[in-house]
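Peer 1: return atomic coordinates for the entry below.
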Amino acid sequence: MTRLSVNINKIATLRNTRQGNTPNVMLAAINCEKFGAEGITVHPRPDERHIRYSDVRALKPVITTEFNIEGYPSRSFLDLVLEVKPDQVTLVPDAHDAITSNAGWDTITHKDFLTDVVTELKKAGIRVSLFVGAEAKMIEGAAIIGAKRIELYTEPYATAYPINREKAIAPFIYAAKIAAYQHLGVNAGHDLSLENLRFFSQSIPNLLEVSIGHALISDALYLGLELTILKYKECLR
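Peer 2: Numbers count the residues shown, from 1 in each chain. Below you'll find the model as predicted:
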């Protein structure tokens, strides 16, 4: 079954609107795992508007499943990752002021830069995933750079799903086949939800992991965290 990694950034966003530690990010991570999540994802940004660097350090000894840290590979981010040594790092091409991820890497233009970064992380024993779109040449570029996995940027799928789900999924099926040919593991994330996740997971061969935050945490406001995680995991069976 595809693994569910819960992105807890939104928990930190809510906490940061007030002084103090409510809601508690550590407790949220512990509960996500207790309720069945197979991983925890965080995406610290330079302005620390949600997950803070101190949160990342505090989470490492707490998490008992897979710890995935996403982010743009600035020097400060890389130093944090090399200190914490999570199970996986997902490199994203976000600008420092991006509200959320909105594109995958151009693995051709940034080949030299990414090769250096991936090499450094691999030497530390950290699995590296590159956030990419469904374009074959970008996936092939990720393999050349030396990544172990890719994370497919699924916002285009989520946007097109209500209109024509077969057309929406087609480029991602092809992308997954290209990744398999290049011996890359396939993760996915961005705007996946209870509405569109089941069809995506049933359609994509060898989907290893999905990282879901915004929709899942929003659903938890209505359904509760435990039931929400159960429902997302049911979509992945």
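
Peer 1: ok, the closest residue to Gly125 other than its chain neighbours - contacts?
Peer 2: With CB to CB, 6 or more residues apart in numbering as the criterion, Gly125 has its nearest non-adjacent residue at 7.1 Å, and that residue is Lys85. For the C-beta atoms, the positions are set from N, CA and C on the backbone; glycine is no exception. If you count contacts by CB atoms under 8 Å, 6 or more residues apart in numbering, Lys85 has them with Lys60, Ala124, Gly125, Ile126.

Peer 1: now these in JSON lines, with distance to Asp116, neighbour count and pLDDT?
Peer 2: Formatted as JSON lines, those follow (distance: CB to CB, whole Å; neighbours: other CB atoms under 10 Å; pLDDT from 0 to 100):
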{"residue": "Lys60", "distance to Asp116": "25", "neighbour count": "14", "pLDDT": "97"}
{"residue": "Ala124", "distance to Asp116": "13", "neighbour count": "13", "pLDDT": "97"}
{"residue": "Gly125", "distance to Asp116": "17", "neighbour count": "8", "pLDDT": "97"}
{"residue": "Ile126", "distance to Asp116": "15", "neighbour count": "19", "pLDDT": "98"}
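
Peer 1: looking at these, which are in strands?
Peer 2: Assigned to strands by DSSP state E, none of those qualify.

Peer 1: helices - which of those land there?
Peer 2: In helices, defined here by DSSP state H, there are no members of these.

Peer 1: now these as TSV including distance to Ser193?
Peer 2: Below are those laid out as TSV (distance: CB to CB, whole Å):
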residue	distance to Ser193
Lys60	29
Ala124	34
Gly125	34
Ile126	29
